[in-house]
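Enquirer: the sequence and its predicted three-dimensional model are supplied below.
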Amino acid sequence: MAIKTDPGNYFEDFALGQVLVHATPRTASQGDRALYQALYGSRFALQSDDGFARSLGLPESPLDDMLVFHLVFGKTVPDISVNAIANLGYAEGIFGVPLYPGDSVTATSQVIGLKESSAGDSGIVYVRTRGANQRGEEILRYVRWVLVRKRDKASPAPEPVVPQLAKPVPVEQLRLPAGLCFEGYDDGLAGSPHRFGDYVVGERIDHADGMTIEEAEHMLATRLYQNTAKVHFNRQAESQGRFGRRIVYGGHVISLARALSCNGLANACKVLALNGGSHTAPTFAGDTLYAWSEVLETHALPGRQDAGILRLRTVALKDRAAEGFPDRGKDGKRDPAVVLDLDYSVSMPR
Amino acid sequence: MAIKTDPGNYFEDFALGQVLVHATPRTASQGDRALYQALYGSRFALQSDDGFARSLGLPESPLDDMLVFHLVFGKTVPDISVNAIANLGYAEGIFGVPLYPGDSVTATSQVIGLKESSAGDSGIVYVRTRGANQRGEEILRYVRWVLVRKRDKASPAPEPVVPQLAKPVPVEQLRLPAGLCFEGYDDGLAGSPHRFGDYVVGERIDHADGMTIEEAEHMLATRLYQNTAKVHFNRQAESQGRFGRRIVYGGHVISLARALSCNGLANACKVLALNGGSHTAPTFAGDTLYAWSEVLETHALPGRQDAGILRLRTVALKDRAAEGFPDRGKDGKRDPAVVLDLDYSVSMPR
Amino acid sequence: MAIKTDPGNYFEDFALGQVLVHATPRTASQGDRALYQALYGSRFALQSDDGFARSLGLPESPLDDMLVFHLVFGKTVPDISVNAIANLGYAEGIFGVPLYPGDSVTATSQVIGLKESSAGDSGIVYVRTRGANQRGEEILRYVRWVLVRKRDKASPAPEPVVPQLAKPVPVEQLRLPAGLCFEGYDDGLAGSPHRFGDYVVGERIDHADGMTIEEAEHMLATRLYQNTAKVHFNRQAESQGRFGRRIVYGGHVISLARALSCNGLANACKVLALNGGSHTAPTFAGDTLYAWSEVLETHALPGRQDAGILRLRTVALKDRAAEGFPDRGKDGKRDPAVVLDLDYSVSMPR
């Protein structure tokens, strides 16, 4: 009689090159769109309105890019990170074909790196995850690395392999969705007159608004993504844990920061790449999040007059307004209010 | 390098006759219906069931009228009231064609009145807002007036213009949706035997139930409507604000009161007009809302035997049951428990 | 002028054989699926993905069985239990044709038993409730009995009639949905390698995870089901009530326990019967729920090689992990942490 409960994988369960086919395919729907809207209040017109999406050449309004990320990410948790100590980083995230209501999401991951910690009780697992729709078309791929506990400290350490990861994703790898064209783009409906050419490298934008997180909200979100990480849901266990309370899923912070960024970046309507990101401090219910962004690079899209690419850095803060752009100090230390430092690339009408 | 964050309009930014095309078109869906249901628990059969709607001549179940109001209202906030001190009133609200899942909502407003305050630091802006679907058909129009801060007290005052507003909306302006006919109306499925002829002018109805509001609920709702008013979301800023905490969006109170009114007015299944309304006191998370209604007028619908119109007043109370119908005292002062006094017209089967 | 507010039925309002046609038909949708997902985090692949459902012969992914239960149950509350003191039990629950997004739910109940309490101030009402879709096909039937207040203690007691109820539902009455076949069942996508033959009678499974309930969550759920029972919503009234606070709808606990059971029972993908169940203690916001299950019986399905039936008992606990399977002690008393003891039957691939 085998134990039926899935304990998840520990560090020694991973092998270089191993492919994990994640469970729980999931059909996305207008219900997910509405909930995502209610959770974050996003106002990017492309993801809000079918008519707006059609005016830009898409068949209907695609689901939010970060929702795609969360759906794919959630599937990986039971296999990759249910025994994780920390989520260490992301890289080489590229969004593929858009996800529409009615499409289904599946995910697989390949182990591309392993490195035991010097203490010998845990190790870093690097995986490249690919999300696909029901036609097998890639909707997203990204690399993530996670510090995972060992089941048995005595297990032998694997040969350390640390993958070389591009940062940022090379511009030539970025793909605008087929058919998407910004020629008829309506600034008024999008809510901002500021287009690609108005943004300059080094420019910083204070997204002004603040949003307080409630326990019910981050748990609703995290369950919507079928993310099973225990630390988000169990008040009783976490009261004895590292922080004394439930921790907000880092992706919830990403989505809140992205939604806040609409005020200042309303035309950054399609995320193309996730170049990197760090959850630099934990976020808890009751925290009020603010965000600011910095333009890191601007790129023309070869052969196109309608669209450009901005590489952005969006920094989320808790309980401190974005005025003054709190960041690293002269000593190199981050301002303690920073909870997220996200490096990503978006397309914007020229 | 222009500032990219939208500061919103201040009093001196409005001009009489000015038309504002609001941003963020939004396709409504079954997801919005489900969330609205979860947020308010409404039980009007027409908005709950496709089969019931078809039995009355509509192609499917329309979305709740107040959801239509919130979707249109939300679009106006960044342009009209993000710098508002207070939402002062509504008038001349008329619901047009029903909104169905899959339809898109857009909104425009025209400035129809301006009046600087005597202190010279703010002024009242009157706008007539029109919501339309993707075919340009009017789904709702209403007038709202708001007290808006001035950016610069030294800005010259405009010529004061205060529009004459009809109260209530004249009955001959009210339109039942095309095709809607109550002949086959099923009282049992609707949950009440009381039809138009059973209600008399002056009658008061205690809606009996109470519903407590949580922070997560009103924020989910307000974000669903893409309403960006800061006071609803930011615990940190509001802890220094007028009330020391987040304020519940007044429309959330309207929807809760309307849902509570189902117990006593279950056949008041289609709102036709918003004659006026005042949010007489702020509502906060933790407050328990109750409601009572008064029949102000009854009208036969010319040429129709199946439907009548009730003009109703629904009063919402916080932390006090509706027993005894708390209202204005002999001194003319409102009972302090009153938070909403809404004047609207509904159609009901005869 | 009749009182318009519905006071609900009291014990003396029920008559043996009486049929109640419940109000508020309700079209279910993808929005309900998404909300159910967000509320419970369920990961049964059949209810998550259209492609997975099609691979098993269904036209698309059906809505969760417990969502069907809640939608039907909710309709009965205003007629059956709005004046209830306690929900005493369930029996003879049988799920019929699956419910799909776009289907509508209606419900009727017949009174099959009545027994006044010895104190004469209340009585037990037994009803058999049937839920149907828009084609009149039965989606669920079950018996429930409830202790209901009398309006007037002096009302004469009815002849006591207590129905004989089968426990468990006889296996030959259980129906797999037409077309459902587990031959192509994909364990990997479902998230568990454990099939029917791996479970043995007497086996106990610790579902490991814990989930804390928030006020906003259980109220969103209960309103979604149009359940009007006052005790779930009114903080003010309940602060003076039996427990000093709002009580979580028992069905919310059932759904949470079922979702938690996915870890250990991921292939128990279709609930066929509700054999019985007791809410043994009230659950409140802030409680953390855990669950364990016991295999009570295993049955081959006559004439089929692809599917078997497990009769399960799932026990939900509050604020105590399932380790050690807290249950009745030697003295016959339940562990005080137990809040739900549910007896149900599921189909599972062989």
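Expert: Received it, and whenever you're ready, just let me know what you need. Residues are numbered from 1 along each chain as shown, chains lettered A, B, ... in the order given.
Enquirer: if I look at A:Gly123, how far off is A:Asn9?
Expert: Using CB to CB, to the nearest Å, A:Gly123 is found at 12 Å from A:Asn9. The way it works is simple: take the backbone N, C-alpha and C, and place the C-beta from them, glycine included.
Enquirer: what sits in contact with each of the two?
Expert: Common neighbours of A:Gly123 and A:Asn9 (criterion: CB atoms under 8 Å, 6 or more residues apart in numbering or on different chains): A:Val148.
Enquirer: so where do the strands sit in chain A?
Expert: A:19-21, A:26-27, A:84-95, A:104-116, A:122-132, A:138-149, A:204-206, A:211-212, A:270-279, A:288-300, A:307-318, A:338-349 (DSSP state E).
Enquirer: quick one: which of these is nearest A:Ser55?
Expert: strand A:338-349 (11.6 Å; CB to CB).
Enquirer: model confidence over the closest one, on average?
Expert: Here strand A:338-349 scores 98 as its mean pLDDT.
Enquirer: that strand vs strand A:270-279, what angle?
Expert: 170 degrees (axes from the mean of the first three to the mean of the last three CA atoms, to 10 degrees).
Enquirer: how about the residues of the stretch 101-250 of chain A near chain B?
Expert: By the rule CB under 8 Å from any CB of the partner chain, the part of the stretch 101-250 of chain A lying against chain B is A:101, A:188-192, A:194, A:198-200, A:203, A:205-212, A:214-217, A:220.
Enquirer: can you narrow these to ones near chain C?
Expert: A:Pro101, A:Glu214, A:Glu215, A:Ala216, A:Leu220.
Enquirer: now, among those, which is nearest to C:Thr106?
Expert: A:Pro101 (27.1 Å).
Enquirer: and the closest one, how many neighbours?
Expert: 20 (other CB atoms under 10 Å in any protein chain shown).
Enquirer: any idea how far A:Cys262 is from A:Gln47?
Expert: 10 Å.
Enquirer: the more surrounded of the two?
Expert: A:Cys262 (27 against 22).
Enquirer: not counting residues beside it along the chain, what's closest to that one?
Expert: Excluding the flanking residues, the one nearest A:Cys262 by CB to CB, 6 or more residues apart in numbering or on different chains is A:Arg43, at 4.7 Å.
Enquirer: ok, now which ones touch that neighbour?
Expert: A:Arg43 touches A:Gly191, A:Ala259, A:Cys262, A:Ala266, B:Ala23, B:Thr24, B:Gln226, B:Thr228, counting by CB under 8 Å, 6+ apart.
Enquirer: the nearest residue to A:Leu174 once chain neighbours are set aside: how many residues sit nearby?
Expert: With CB to CB, 6+ apart as the criterion, A:Leu174 has its nearest non-adjacent residue at 4.4 Å, and that residue is A:Leu272. For A:Leu272, the count of nearby residues is 25 (other CB under 10 Å).
Enquirer: nearest to chain B within chain A, name that residue for me.
Expert: Here chain A gets closest to chain B at one residue, A:Ala34, 2.7 Å apart by CB to the nearest CB.
Enquirer: list the contacts for that residue?
Expert: B:Ser29, B:Gly31, B:Asp32, B:Ala34, B:Leu35, B:Leu224, C:Gly31, C:Ala34.
Enquirer: excluding chain neighbours, what is closest to the fourth one?
Expert: Spelled out, that is B:Ala34. Per CB to CB, 6+ apart, closest to B:Ala34 is C:Gly31, 2.7 Å.
Enquirer: would you map the helices across chain A?
Expert: Secondary structure of chain A (DSSP state H): helices at A:30-40, A:45-48, A:50-55, A:65-76, A:187-190, A:215-224, A:235-239, A:250-260, A:262-265.
Enquirer: can I get these in CSV with mean pLDDT?
Expert: Converted to CSV, the helices of chain A look like this (pLDDT from 0 to 100):
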stretch, mean pLDDT
helix A:30-40, 98
helix A:45-48, 98
helix A:50-55, 98
helix A:65-76, 98
helix A:187-190, 98
helix A:215-224, 98
helix A:235-239, 97
helix A:250-260, 98
helix A:262-265, 98
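Enquirer: with distance to B:Tyr142 added, can I get these in TSV?
Expert: Output for the helices of chain A, formatted as TSV (distance: least, CB to CB, whole Å):
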stretch	distance to B:Tyr142
helix A:30-40	23
helix A:45-48	22
helix A:50-55	23
helix A:65-76	33
helix A:187-190	21
helix A:215-224	30
helix A:235-239	43
helix A:250-260	27
helix A:262-265	26
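Enquirer: in chain A, which helix or strand is least confident?
Expert: strand A:84-95 (a mean of 95; mean pLDDT, DSSP states H and E).
Enquirer: adjacent strands (with direction) for it?
Expert: As defined by DSSP bridges, the strand partners of strand A:84-95 come to strand A:138-149 (antiparallel), strand A:270-279 (antiparallel).
Enquirer: tell me who's in contact with the closest residue to chain C within the stretch 151-300 of chain A.
Expert: Nearest to chain C in the stretch 151-300 of chain A, going by CB to the nearest CB, is A:Arg223, at a distance of 3.2 Å. Counting by CB under 8 Å, 6+ apart, A:Arg223 touches A:Phe233, C:Gln37, C:Ala38, C:Leu39, C:Tyr40, C:Gly41.
Enquirer: please apply the same query to A:Ser42.
Expert: A:Tyr36, A:Ser48, A:Asp64, A:Ser255, A:Arg258, A:Ala259, A:Cys262.
Enquirer: repeat that for 6 Å
Expert: A:Ala259 (CB atoms under 6 Å, 6 or more residues apart in numbering or on different chains).
Enquirer: if I look at the nearest residue to A:Glu12 once chain neighbours are set aside, how far off is C:Pro156?
Expert: Using CB to CB, 6+ apart and skipping residues adjacent in sequence, the residue nearest A:Glu12 is A:Ser155, 3.9 Å away. Distance of A:Ser155 to C:Pro156, given as CB to CB: 76 Å.
Enquirer: of the two, who's got more company?
Expert: Per other CB under 10 Å, whichever of A:Ser155 and C:Pro156 has more neighbours is A:Ser155, with 15 against 6.
Enquirer: what does the pLDDT read for that one?
Expert: 96.
Enquirer: that one against A:Phe11, yeah?
Expert: No: at 7.6 Å, A:Ser155 does not count as touching A:Phe11 under the criterion of CB atoms under 6 Å.
Enquirer: burial count for the closest residue in space to A:Glu137 that isn't next to it in sequence?
Expert: Spatial nearest neighbour of A:Glu137, excluding adjacent residues (CB to CB, 6+ apart): A:Val97 at 4.7 Å. When neighbours are counted by other CB under 10 Å, A:Val97 registers 18.
Enquirer: just A:Pro282 next, same as before
Expert: So A:Pro282, with other CB under 10 Å, has 17 neighbours.
Enquirer: quick check: the closest residue to it other than its chain neighbours vs A:Asn87, distance?
Expert: Among residues not flanking A:Pro282 along the chain, A:Ile247 sits closest, at 5.0 Å (CB to CB, 6+ apart). Separation of A:Ile247 from A:Asn87 (CB to CB) stands at 11 Å.
Enquirer: which ones are touching A:Leu220?
Expert: A:Leu220 touches C:Ala38, counting by CB under 6 Å, 6+ apart.
Enquirer: show me which residues of chain A sit near chain C.
Expert: With CB under 6 Å from any CB of the partner chain as the criterion, chain A meets chain C at residues A:1, A:4-6, A:21, A:23-27, A:29-32, A:35, A:104, A:134, A:215-216, A:220, A:223-224, A:226, A:233-237.
Enquirer: make a ChimeraX selection of the buried ones in those.
Expert: Remark: buried members of the residues of chain A next to chain C, expressed as a ChimeraX selection using 16 or more other CB atoms under 10 Å in any protein chain shown:
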select /A:4,5,6,23,24,25,26,27,29,30,31,32,35,104,134,215,216,220,223,224,226,233,234,235,236,237
